[in-house]
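1. Model the structure of this input:
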Amino acid sequence: MKKFKLLPHYYEEIPDKLRSPDSEYYLGESILSRYPRIKDHIGTLEKKEMEILVKYMKKGIYCGGVFSERDIVNGFSSIPTASLSDGKYCWAESHIYYMKNYQLNLPESFKKYVYSLNGDYKYLEKIDERLLNEEIGLFLDDPVEITPESVKKMYDKDRYISY
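-> Modelled structure (predicted):
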């Protein structure tokens, strides 16, 4: 099975019940402290970098649910959260939104990877969307029964690349 590299969600995107110490689904501070906070990353990405990354990430192949959530910074805009992939990395559309609107930075390893392609994204056209979705489904191994243990596994840092 292929191992994808996942861009981590921001701390504020994690559902409240997973961040609340009173909830049986509380992930615990050891897991939560690993997630980057939006406020710490606003304005940390240069415009030129943002344009390159957004152009690339928008070309990704849709591979996960089409949902929307509210903008965590302004509290009212509705933003898309579908998952996209290039066959190596997976990311949420919210990453693109927050980059464009708040110049939020992304993990250095992902940025280096995108820059190394020098704008040549032709290989994305050759990806078999059906096969990619099957591989991602197997990799993510979404649990059928939601339990505190299965939720912690879903948010385990080993599945995500670091900032």
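2. ranges for the helices of this structure?
-> 16-19, 29-32, 47-58, 93-102, 108-116, 129-140, 148-154 (DSSP state H).
3. Report the separation between the residue of the chain most remote from its centre and R34.
-> Distance from the C-alpha centroid of the chain, by C-alpha atoms, centre = their mean, peaks at D22 (26.3 Å). Between D22 and R34 the computed distance is 21 Å (C-beta to C-beta, to the nearest Å). Using the backbone N, CA and C atoms, a C-beta is placed for each residue, glycine as well.
4. Over to Y11?
-> From Y11 to R34 the distance is 9 Å (C-beta to C-beta).
5. And stretch 49-61, what's buried?
-> E49, M50, I52, L53, V54, Y56, M57, G60, I61 (16 or more other C-beta atoms under 10 Å).
6. again with stretch 109-123
-> F110, K111, Y113, V114.
7. As JSON lines, those residues with distance to L18 and pLDDT would be great.
-> Output for the buried residues of stretch 109-123, formatted as JSON lines (distance: C-beta to C-beta, whole Å; pLDDT from 0 to 100):
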{"residue": "F110", "distance to L18": "24", "pLDDT": "92"}
{"residue": "K111", "distance to L18": "28", "pLDDT": "93"}
{"residue": "Y113", "distance to L18": "29", "pLDDT": "91"}
{"residue": "V114", "distance to L18": "29", "pLDDT": "94"}
